[in-house]
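>>> Next comes the sequence, and after it the predicted model I'd like to discuss.
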Amino acid sequence: MNIHASPTLTPAESALVEAFSERVSDLPGDAAVTVMRDDAVELLKGGLPTRRIEAWHYTDLRRLLTAVPAFEPSAKPDLLRPLIDGSAVLRVANGKAEKASEIEGVTVRRFKDMLLAGDGDAALAPVDETDAVAAVNTAFASDGFALTIAEGAQLDAPMELQNLQAGGQVHARFPVVVGAGARATIVERQTGAGAALASSVSTLDVGDGADVVWVLVQEQPATVTHLGQMRIRIGKDAKLTLFIMNAGGKLVRQEVRVDAAGEGSDFKLRGINLLGGDTHCDVTMVLDHSAPDTTSTEIIRNVVTDRAHGVFQGQIRVAAIAQKTDAKMACNTLLLSDDAEFSTKPELEIFADDVACGHGATVTEIHPAHLFYLMARGVPEKAARGLLIKAFLAEIIEELDDEALVAALEAKLDGWFAEHG
(Lines give C-alpha, C1' and ligand atoms only; values in the text may rest on other atoms or scores of the structure.)
Protein backbone atom coordinates (compact mmCIF):
# COMPACT_ATOMS: atom_id res chain seq x y z
CA MET A 1 0.00 0.00 0.00
CA ASN A 2 1.02 3.61 -0.37
CA ILE A 3 3.48 4.84 2.24
CA HIS A 4 2.65 8.50 1.73
CA ALA A 5 -0.08 10.50 3.49
CA SER A 6 -3.35 8.59 3.70
CA PRO A 7 -5.53 9.39 0.69
CA THR A 8 -9.24 9.95 0.64
CA LEU A 9 -10.67 6.46 0.60
CA THR A 10 -12.42 5.13 -2.47
CA PRO A 11 -15.89 3.58 -2.08
CA ALA A 12 -14.32 0.10 -2.14
CA GLU A 13 -11.70 1.00 0.48
CA SER A 14 -14.36 2.58 2.68
CA ALA A 15 -16.52 -0.52 2.34
CA LEU A 16 -13.65 -2.74 3.49
CA VAL A 17 -12.93 -0.58 6.54
CA GLU A 18 -16.62 -0.36 7.46
CA ALA A 19 -17.10 -4.11 7.02
CA PHE A 20 -14.24 -4.75 9.44
CA SER A 21 -15.75 -2.39 12.02
CA GLU A 22 -19.03 -4.26 11.78
CA ARG A 23 -17.51 -7.74 12.03
CA VAL A 24 -14.46 -7.36 14.25
CA SER A 25 -16.25 -8.48 17.41
CA ASP A 26 -17.29 -11.76 15.74
CA LEU A 27 -13.90 -12.64 14.25
CA PRO A 28 -12.09 -15.51 16.03
CA GLY A 29 -8.62 -15.17 17.50
CA ASP A 30 -6.62 -14.28 20.60
CA ALA A 31 -5.07 -10.90 21.39
CA ALA A 32 -2.15 -11.43 19.01
CA VAL A 33 -4.53 -12.19 16.14
CA THR A 34 -6.61 -9.12 16.96
CA VAL A 35 -3.51 -6.93 16.75
CA MET A 36 -2.62 -8.44 13.36
CA ARG A 37 -6.13 -7.79 12.08
CA ASP A 38 -5.98 -4.18 13.27
CA ASP A 39 -2.60 -3.72 11.58
CA ALA A 40 -3.96 -5.16 8.34
CA VAL A 41 -6.87 -2.72 8.36
CA GLU A 42 -4.47 0.15 8.97
CA LEU A 43 -2.70 -0.87 5.76
CA LEU A 44 -6.02 -0.80 3.94
CA LYS A 45 -6.75 2.66 5.33
CA GLY A 46 -3.53 3.81 3.67
CA GLY A 47 -5.06 2.99 0.30
CA LEU A 48 -5.01 -0.01 -1.99
CA PRO A 49 -1.99 -0.40 -4.29
CA THR A 50 -1.77 1.68 -7.45
CA ARG A 51 0.46 1.34 -10.51
CA ARG A 52 3.00 3.58 -8.76
CA ILE A 53 3.98 0.51 -6.74
CA GLU A 54 6.21 -1.61 -8.95
CA ALA A 55 4.70 -4.97 -7.96
CA TRP A 56 1.25 -3.62 -8.89
CA HIS A 57 2.27 -1.70 -12.01
CA TYR A 58 -0.04 -3.65 -14.33
CA THR A 59 -2.89 -4.06 -11.84
CA ASP A 60 -4.02 -0.77 -10.34
CA LEU A 61 -6.09 -2.34 -7.60
CA ARG A 62 -7.28 1.00 -6.28
CA ARG A 63 -8.79 1.83 -9.66
CA LEU A 64 -9.97 -1.63 -10.68
CA LEU A 65 -11.69 -2.59 -7.42
CA THR A 66 -14.73 -0.35 -7.75
CA ALA A 67 -17.10 -2.01 -5.26
CA VAL A 68 -17.07 -4.44 -2.34
CA PRO A 69 -20.18 -6.52 -1.61
CA ALA A 70 -21.56 -6.97 1.88
CA PHE A 71 -21.16 -10.25 3.74
CA GLU A 72 -23.92 -12.79 3.15
CA PRO A 73 -23.55 -15.30 6.01
CA SER A 74 -26.75 -17.18 5.15
CA ALA A 75 -25.77 -17.84 1.52
CA LYS A 76 -25.20 -21.52 0.69
CA PRO A 77 -23.02 -22.49 -2.29
CA ASP A 78 -23.90 -25.53 -4.35
CA LEU A 79 -22.01 -28.76 -3.79
CA LEU A 80 -19.08 -29.30 -6.13
CA ARG A 81 -17.90 -32.67 -7.34
CA PRO A 82 -14.18 -33.21 -6.85
CA LEU A 83 -11.93 -32.75 -9.85
CA ILE A 84 -10.80 -36.37 -9.48
CA ASP A 85 -13.15 -39.08 -8.24
CA GLY A 86 -12.09 -40.61 -4.95
CA SER A 87 -10.45 -37.46 -3.62
CA ALA A 88 -10.77 -36.54 0.03
CA VAL A 89 -12.72 -33.27 -0.04
CA LEU A 90 -12.29 -30.47 2.52
CA ARG A 91 -14.93 -27.84 1.86
CA VAL A 92 -15.16 -24.20 2.94
CA ALA A 93 -18.63 -22.87 2.10
CA ASN A 94 -19.00 -19.08 2.10
CA GLY A 95 -16.16 -18.73 4.58
CA LYS A 96 -17.14 -21.56 6.93
CA ALA A 97 -15.28 -24.89 7.04
CA GLU A 98 -17.58 -27.89 6.94
CA LYS A 99 -17.01 -31.10 8.88
CA ALA A 100 -14.19 -33.11 7.33
CA SER A 101 -13.67 -36.86 7.19
CA GLU A 102 -10.52 -38.40 8.61
CA ILE A 103 -7.62 -38.89 6.20
CA GLU A 104 -5.01 -41.50 7.02
CA GLY A 105 -1.61 -39.91 7.55
CA VAL A 106 -3.03 -36.39 7.72
CA THR A 107 -3.98 -34.24 10.71
CA VAL A 108 -6.82 -31.87 9.80
CA ARG A 109 -7.83 -28.86 11.89
CA ARG A 110 -10.26 -26.07 11.21
CA PHE A 111 -8.40 -22.79 10.92
CA LYS A 112 -11.02 -21.22 13.19
CA ASP A 113 -10.01 -23.63 15.95
CA MET A 114 -6.36 -22.68 15.45
CA LEU A 115 -7.21 -18.99 15.82
CA LEU A 116 -9.22 -19.62 18.98
CA ALA A 117 -6.37 -21.70 20.43
CA GLY A 118 -3.79 -19.02 19.64
CA ASP A 119 -1.99 -21.20 17.07
CA GLY A 120 -2.89 -19.32 13.91
CA ASP A 121 -1.21 -15.95 14.34
CA ALA A 122 2.10 -17.00 12.72
CA ALA A 123 0.35 -17.61 9.38
CA LEU A 124 -1.55 -14.34 9.31
CA ALA A 125 0.94 -11.49 8.94
CA PRO A 126 1.16 -9.75 5.53
CA VAL A 127 4.58 -10.05 3.86
CA ASP A 128 5.12 -6.28 3.59
CA GLU A 129 3.25 -2.98 3.39
CA THR A 130 2.33 -3.55 -0.27
CA ASP A 131 0.80 -6.97 0.43
CA ALA A 132 -2.83 -6.06 -0.20
CA VAL A 133 -3.93 -9.66 -0.79
CA ALA A 134 -2.81 -10.83 2.64
CA ALA A 135 -4.00 -7.59 4.28
CA VAL A 136 -7.57 -8.18 3.09
CA ASN A 137 -7.40 -11.84 4.04
CA THR A 138 -5.81 -11.21 7.44
CA ALA A 139 -8.48 -8.69 8.33
CA PHE A 140 -11.41 -11.00 7.58
CA ALA A 141 -10.35 -14.66 7.41
CA SER A 142 -12.18 -16.64 10.07
CA ASP A 143 -11.94 -20.23 8.85
CA GLY A 144 -10.31 -22.69 6.48
CA PHE A 145 -8.32 -25.88 7.01
CA ALA A 146 -4.86 -26.58 8.39
CA LEU A 147 -3.26 -29.81 7.19
CA THR A 148 -0.23 -31.63 8.56
CA ILE A 149 0.93 -34.58 6.48
CA ALA A 150 2.97 -37.03 8.52
CA GLU A 151 6.61 -37.79 7.77
CA GLY A 152 6.92 -40.55 5.20
CA ALA A 153 3.19 -40.61 4.42
CA GLN A 154 2.41 -41.77 0.88
CA LEU A 155 -1.06 -40.50 -0.02
CA ASP A 156 -2.50 -42.49 -2.92
CA ALA A 157 -5.65 -40.36 -3.35
CA PRO A 158 -5.61 -36.58 -3.84
CA MET A 159 -6.91 -34.17 -1.23
CA GLU A 160 -9.14 -31.40 -2.57
CA LEU A 161 -9.49 -28.04 -0.80
CA GLN A 162 -12.65 -26.29 -1.95
CA ASN A 163 -13.24 -22.59 -1.29
CA LEU A 164 -16.80 -22.06 -2.50
CA GLN A 165 -18.82 -18.85 -2.53
CA ALA A 166 -22.45 -17.94 -3.12
CA GLY A 167 -22.07 -14.16 -3.14
CA GLY A 168 -20.89 -11.56 -0.67
CA GLN A 169 -17.42 -11.81 0.86
CA VAL A 170 -15.49 -15.04 1.36
CA HIS A 171 -12.05 -15.21 3.01
CA ALA A 172 -10.23 -18.48 3.79
CA ARG A 173 -6.81 -19.72 4.95
CA PHE A 174 -5.12 -23.04 4.20
CA PRO A 175 -1.85 -23.65 6.12
CA VAL A 176 -0.28 -26.95 4.98
CA VAL A 177 2.81 -28.70 6.35
CA VAL A 178 4.20 -31.72 4.50
CA GLY A 179 6.50 -33.92 6.57
CA ALA A 180 9.91 -35.15 5.45
CA GLY A 181 9.79 -37.87 2.81
CA ALA A 182 6.03 -37.60 2.32
CA ARG A 183 4.27 -37.70 -1.05
CA ALA A 184 0.94 -36.01 -1.77
CA THR A 185 -1.27 -34.47 -4.45
CA ILE A 186 -3.39 -31.52 -3.37
CA VAL A 187 -6.06 -29.87 -5.51
CA GLU A 188 -7.32 -26.39 -4.63
CA ARG A 189 -10.61 -25.19 -6.14
CA GLN A 190 -11.75 -21.57 -6.11
CA THR A 191 -15.23 -21.14 -7.55
CA GLY A 192 -18.88 -20.34 -6.84
CA ALA A 193 -21.82 -18.30 -8.07
CA GLY A 194 -22.88 -14.70 -7.58
CA ALA A 195 -21.13 -11.38 -7.10
CA ALA A 196 -18.34 -11.71 -4.54
CA LEU A 197 -15.02 -10.59 -3.16
CA ALA A 198 -13.09 -13.79 -2.48
CA SER A 199 -9.65 -14.02 -0.90
CA SER A 200 -7.63 -17.12 -0.15
CA VAL A 201 -4.12 -17.51 1.28
CA SER A 202 -2.36 -20.88 1.35
CA THR A 203 0.95 -21.52 3.09
CA LEU A 204 2.90 -24.63 2.18
CA ASP A 205 5.98 -25.99 3.94
CA VAL A 206 7.48 -28.90 1.99
CA GLY A 207 9.69 -30.97 4.26
CA ASP A 208 13.08 -32.44 3.35
CA GLY A 209 12.83 -35.08 0.64
CA ALA A 210 9.07 -34.66 0.22
CA ASP A 211 7.36 -34.69 -3.21
CA VAL A 212 4.21 -32.58 -3.65
CA VAL A 213 1.95 -31.81 -6.59
CA TRP A 214 -0.40 -28.86 -5.98
CA VAL A 215 -3.05 -28.04 -8.58
CA LEU A 216 -4.94 -24.76 -8.23
CA VAL A 217 -8.04 -24.28 -10.41
CA GLN A 218 -9.73 -20.88 -10.27
CA GLU A 219 -13.11 -20.73 -12.05
CA GLN A 220 -14.93 -17.82 -10.48
CA PRO A 221 -17.84 -16.28 -12.43
CA ALA A 222 -17.42 -12.99 -14.27
CA THR A 223 -18.87 -11.05 -11.31
CA VAL A 224 -16.11 -11.92 -8.83
CA THR A 225 -12.93 -10.28 -7.59
CA HIS A 226 -10.53 -13.03 -6.57
CA LEU A 227 -7.40 -12.32 -4.53
CA GLY A 228 -5.20 -15.36 -4.03
CA GLN A 229 -1.78 -15.94 -2.55
CA MET A 230 0.50 -18.93 -2.01
CA ARG A 231 3.53 -18.77 0.31
CA ILE A 232 5.85 -21.72 -0.10
CA ARG A 233 9.03 -23.02 1.50
CA ILE A 234 10.79 -26.03 -0.05
CA GLY A 235 13.20 -28.09 2.06
CA LYS A 236 16.35 -30.02 1.24
CA ASP A 237 16.04 -32.40 -1.75
CA ALA A 238 12.28 -31.74 -1.82
CA LYS A 239 10.20 -31.37 -4.98
CA LEU A 240 7.16 -29.23 -5.63
CA THR A 241 5.14 -29.05 -8.84
CA LEU A 242 2.63 -26.20 -8.75
CA PHE A 243 0.04 -26.11 -11.54
CA ILE A 244 -2.24 -23.08 -11.78
CA MET A 245 -5.24 -22.73 -14.08
CA ASN A 246 -7.16 -19.46 -14.20
CA ALA A 247 -10.39 -19.75 -16.17
CA GLY A 248 -12.73 -17.14 -14.71
CA GLY A 249 -13.23 -14.08 -12.56
CA LYS A 250 -13.66 -10.40 -13.33
CA LEU A 251 -10.57 -9.17 -11.46
CA VAL A 252 -8.00 -11.77 -10.44
CA ARG A 253 -4.66 -11.40 -8.67
CA GLN A 254 -2.87 -14.67 -7.91
CA GLU A 255 0.46 -14.33 -6.12
CA VAL A 256 3.07 -17.07 -5.70
CA ARG A 257 5.93 -16.48 -3.25
CA VAL A 258 8.46 -19.30 -3.11
CA ASP A 259 11.60 -19.89 -1.09
CA ALA A 260 13.76 -22.73 -2.42
CA ALA A 261 15.39 -22.90 0.99
CA GLY A 262 16.86 -26.40 1.03
CA GLU A 263 19.95 -27.56 -0.84
CA GLY A 264 18.96 -29.69 -3.83
CA SER A 265 15.32 -28.54 -3.82
CA ASP A 266 13.34 -28.42 -7.09
CA PHE A 267 10.41 -26.18 -7.99
CA LYS A 268 8.25 -26.39 -11.10
CA LEU A 269 5.51 -23.89 -11.93
CA ARG A 270 3.16 -24.59 -14.80
CA GLY A 271 0.40 -22.10 -15.46
CA ILE A 272 -2.50 -21.78 -17.89
CA ASN A 273 -4.50 -18.57 -18.07
CA LEU A 274 -7.72 -18.78 -20.11
CA LEU A 275 -8.92 -15.19 -20.33
CA GLY A 276 -12.09 -13.97 -22.03
CA GLY A 277 -14.76 -11.31 -21.69
CA ASP A 278 -13.58 -8.32 -19.64
CA THR A 279 -11.37 -10.34 -17.30
CA HIS A 280 -8.25 -8.78 -15.81
CA CYS A 281 -5.99 -11.56 -14.51
CA ASP A 282 -2.59 -10.99 -12.90
CA VAL A 283 -0.27 -13.84 -11.89
CA THR A 284 2.74 -12.53 -9.97
CA MET A 285 5.56 -14.80 -8.80
CA VAL A 286 8.57 -14.09 -6.61
CA LEU A 287 11.01 -17.00 -6.33
CA ASP A 288 14.02 -16.96 -4.02
CA HIS A 289 16.84 -19.43 -4.55
CA SER A 290 18.45 -19.23 -1.14
CA ALA A 291 20.45 -22.48 -1.03
CA PRO A 292 23.02 -24.15 -3.31
CA ASP A 293 22.19 -26.64 -6.06
CA THR A 294 18.53 -25.67 -6.41
CA THR A 295 16.56 -25.88 -9.64
CA SER A 296 13.39 -24.29 -10.96
CA THR A 297 11.43 -24.05 -14.21
CA GLU A 298 8.39 -21.85 -14.80
CA ILE A 299 6.28 -22.14 -17.95
CA ILE A 300 3.18 -19.99 -18.34
CA ARG A 301 0.81 -20.38 -21.32
CA ASN A 302 -1.91 -17.81 -21.92
CA VAL A 303 -4.90 -17.71 -24.25
CA VAL A 304 -6.52 -14.28 -24.36
CA THR A 305 -9.64 -13.26 -26.27
CA ASP A 306 -12.42 -10.65 -26.31
CA ARG A 307 -11.33 -7.60 -24.25
CA ALA A 308 -9.43 -9.53 -21.59
CA HIS A 309 -6.14 -8.33 -20.12
CA GLY A 310 -3.59 -10.70 -18.65
CA VAL A 311 -0.41 -10.13 -16.66
CA PHE A 312 2.51 -12.33 -15.68
CA GLN A 313 5.25 -10.93 -13.49
CA GLY A 314 8.00 -13.38 -12.62
CA GLN A 315 10.96 -12.43 -10.45
CA ILE A 316 13.76 -14.90 -9.70
CA ARG A 317 16.25 -13.89 -7.02
CA VAL A 318 19.44 -15.90 -6.53
CA ALA A 319 21.27 -15.34 -3.24
CA ALA A 320 25.06 -15.21 -3.04
CA ILE A 321 25.10 -18.57 -1.25
CA ALA A 322 22.96 -20.22 -3.95
CA GLN A 323 25.77 -21.41 -6.23
CA LYS A 324 24.90 -23.99 -8.94
CA THR A 325 21.37 -22.62 -9.22
CA ASP A 326 19.59 -23.63 -12.44
CA ALA A 327 16.53 -21.46 -13.08
CA LYS A 328 14.54 -21.02 -16.28
CA MET A 329 11.32 -19.11 -16.95
CA ALA A 330 9.15 -18.74 -20.06
CA CYS A 331 5.83 -17.01 -20.76
CA ASN A 332 4.02 -17.73 -24.05
CA THR A 333 0.81 -15.97 -25.09
CA LEU A 334 -1.75 -16.61 -27.81
CA LEU A 335 -3.94 -13.59 -28.63
CA LEU A 336 -7.27 -14.42 -30.26
CA SER A 337 -8.76 -10.94 -30.70
CA ASP A 338 -7.59 -7.43 -31.57
CA ASP A 339 -8.76 -6.08 -28.21
CA ALA A 340 -7.01 -8.71 -26.08
CA GLU A 341 -3.86 -7.71 -24.19
CA PHE A 342 -1.13 -9.44 -22.23
CA SER A 343 1.70 -7.82 -20.26
CA THR A 344 4.80 -9.77 -19.28
CA LYS A 345 7.58 -8.72 -16.93
CA PRO A 346 10.33 -11.30 -16.29
CA GLU A 347 13.12 -10.38 -13.86
CA LEU A 348 16.38 -11.96 -12.75
CA GLU A 349 18.28 -10.72 -9.71
CA ILE A 350 21.48 -12.73 -9.33
CA PHE A 351 24.13 -12.40 -6.60
CA ALA A 352 25.89 -15.73 -7.22
CA ASP A 353 28.50 -16.22 -9.96
CA ASP A 354 28.10 -19.93 -10.80
CA VAL A 355 24.53 -20.22 -12.07
CA ALA A 356 22.52 -21.03 -15.20
CA CYS A 357 19.54 -18.70 -15.36
CA GLY A 358 17.40 -17.45 -18.22
CA HIS A 359 13.97 -16.18 -19.22
CA GLY A 360 11.95 -15.59 -22.36
CA ALA A 361 8.54 -14.41 -23.52
CA THR A 362 6.55 -14.66 -26.77
CA VAL A 363 3.24 -13.25 -28.00
CA THR A 364 1.60 -14.52 -31.16
CA GLU A 365 -1.66 -15.26 -32.97
CA ILE A 366 -2.96 -18.45 -34.58
CA HIS A 367 -0.93 -18.83 -37.76
CA PRO A 368 -3.21 -18.67 -40.83
CA ALA A 369 -1.24 -21.43 -42.55
CA HIS A 370 -1.83 -23.81 -39.65
CA LEU A 371 -5.54 -23.03 -39.67
CA PHE A 372 -5.71 -23.47 -43.45
CA TYR A 373 -3.92 -26.83 -43.24
CA LEU A 374 -6.63 -28.26 -40.98
CA MET A 375 -9.56 -26.66 -42.80
CA ALA A 376 -8.28 -27.94 -46.14
CA ARG A 377 -8.62 -31.43 -44.71
CA GLY A 378 -12.26 -30.97 -43.79
CA VAL A 379 -11.94 -29.70 -40.22
CA PRO A 380 -14.46 -26.87 -39.53
CA GLU A 381 -12.86 -23.54 -38.62
CA LYS A 382 -13.98 -23.49 -34.97
CA ALA A 383 -12.85 -27.07 -34.43
CA ALA A 384 -9.54 -26.32 -36.14
CA ARG A 385 -8.94 -23.32 -33.89
CA GLY A 386 -9.77 -25.47 -30.89
CA LEU A 387 -7.27 -28.15 -31.91
CA LEU A 388 -4.50 -25.59 -32.32
CA ILE A 389 -5.25 -23.93 -28.99
CA LYS A 390 -5.43 -27.25 -27.18
CA ALA A 391 -2.10 -28.31 -28.68
CA PHE A 392 -0.58 -25.06 -27.41
CA LEU A 393 -1.75 -25.83 -23.87
CA ALA A 394 -1.86 -29.61 -23.60
CA GLU A 395 1.92 -29.98 -23.59
CA ILE A 396 2.32 -28.61 -20.08
CA ILE A 397 -0.80 -30.34 -18.74
CA GLU A 398 0.60 -33.69 -19.82
CA GLU A 399 3.74 -33.03 -17.78
CA LEU A 400 1.67 -33.86 -14.69
CA ASP A 401 1.99 -37.55 -15.55
CA ASP A 402 -1.34 -38.45 -13.94
CA GLU A 403 -3.98 -39.69 -16.37
CA ALA A 404 -6.98 -38.75 -14.25
CA LEU A 405 -5.62 -35.28 -13.52
CA VAL A 406 -4.67 -34.66 -17.15
CA ALA A 407 -8.11 -35.75 -18.36
CA ALA A 408 -9.88 -33.52 -15.84
CA LEU A 409 -7.84 -30.45 -16.77
CA GLU A 410 -8.23 -31.07 -20.50
CA ALA A 411 -11.99 -31.24 -19.93
CA LYS A 412 -11.73 -27.77 -18.36
CA LEU A 413 -10.00 -26.56 -21.54
CA ASP A 414 -12.80 -27.99 -23.69
CA GLY A 415 -15.46 -26.35 -21.53
CA TRP A 416 -13.79 -22.94 -21.68
CA PHE A 417 -13.27 -23.12 -25.42
CA ALA A 418 -16.90 -24.13 -26.00
CA GLU A 419 -17.88 -20.83 -24.34
CA HIS A 420 -15.16 -18.53 -25.68
CA GLY A 421 -13.88 -20.17 -28.85
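Great, that's in hand. Residues are numbered from 1 along each chain as shown.
>>> For the stretch 151-300 of the chain, which segments are assigned as strands?
159-165, 168-178, 183-192, 196-206, 211-218, 224-234, 239-246, 251-260, 266-275, 280-289, 295-304 (DSSP state E, counting those that start in this stretch).
>>> Export these to a markdown table and append columns for distance to residue 8 and mean neighbour count.
Where you see a C-beta, it was placed from the backbone N, CA and C, and this is true even at glycine. Compiled in a markdown table, the strands of the stretch 151-300 of the chain are given as follows (distance: least, C-beta to C-beta, whole Å; neighbours: other C-beta atoms under 10 Å):
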| stretch | distance to residue 8 | mean neighbour count |
| --- | --- | --- |
| strand 159-165 | 30 | 25 |
| strand 168-178 | 23 | 25 |
| strand 183-192 | 32 | 23 |
| strand 196-206 | 21 | 25 |
| strand 211-218 | 32 | 22 |
| strand 224-234 | 21 | 24 |
| strand 239-246 | 33 | 22 |
| strand 251-260 | 22 | 24 |
| strand 266-275 | 32 | 24 |
| strand 280-289 | 24 | 23 |
| strand 295-304 | 34 | 22 |
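>>> can you tell which of those is closest to residue 137?
Taking C-beta to C-beta as the criterion, residue 137 comes closest to strand 196-206 out of the strands of the stretch 151-300 of the chain, the separation being 4.3 Å.
>>> Check which helices and strands that closest one is in contact with.
With contacts defined as 3 or more C-beta pairs under 8 Å, 6 or more residues apart in numbering; DSSP states H and E, the secondary structure elements packing on strand 196-206 are helix 132-140, strand 159-165, strand 168-178, strand 183-192, strand 211-218, strand 224-234, strand 239-246.
>>> The same query, at a cut-off of 7 Å, please.
Here strand 196-206 touches helix 132-140, strand 159-165, strand 168-178, strand 183-192, strand 224-234, going by 3 or more C-beta pairs under 7 Å, 6 or more residues apart in numbering; DSSP states H and E.
>>> That strand - which strands sit beside it in the sheet, and in what orientation?
According to DSSP bridges, strand 196-206 has the following sheet partners: strand 168-178 (parallel), strand 224-234 (parallel).
>>> all strands for the stretch 1-150 of the chain, in order.
88-93, 96-97, 106-110, 143-149.
>>> Take the strands of the stretch 151-300 of the chain and write them to JSON lines, including distance to residue 98 and mean pLDDT.
Converted to JSON lines, the strands of the stretch 151-300 of the chain look like this (distance: least, C-beta to C-beta, whole Å; pLDDT from 0 to 100):
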{"stretch": "strand 159-165", "distance to residue 98": "9", "mean pLDDT": "97"}
{"stretch": "strand 168-178", "distance to residue 98": "12", "mean pLDDT": "96"}
{"stretch": "strand 183-192", "distance to residue 98": "14", "mean pLDDT": "98"}
{"stretch": "strand 196-206", "distance to residue 98": "16", "mean pLDDT": "97"}
{"stretch": "strand 211-218", "distance to residue 98": "19", "mean pLDDT": "98"}
{"stretch": "strand 224-234", "distance to residue 98": "21", "mean pLDDT": "98"}
{"stretch": "strand 239-246", "distance to residue 98": "24", "mean pLDDT": "98"}
{"stretch": "strand 251-260", "distance to residue 98": "24", "mean pLDDT": "98"}
{"stretch": "strand 266-275", "distance to residue 98": "29", "mean pLDDT": "98"}
{"stretch": "strand 280-289", "distance to residue 98": "29", "mean pLDDT": "98"}
{"stretch": "strand 295-304", "distance to residue 98": "33", "mean pLDDT": "98"}
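>>> Output the strands paired with strand 196-206 as TSV; include the columns distance to residue 160.
Output for the strands paired with strand 196-206, formatted as TSV (distance: least, C-beta to C-beta, whole Å):
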stretch	distance to residue 160
strand 168-178	11
strand 224-234	16
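>>> Thanks a lot, see you next time.
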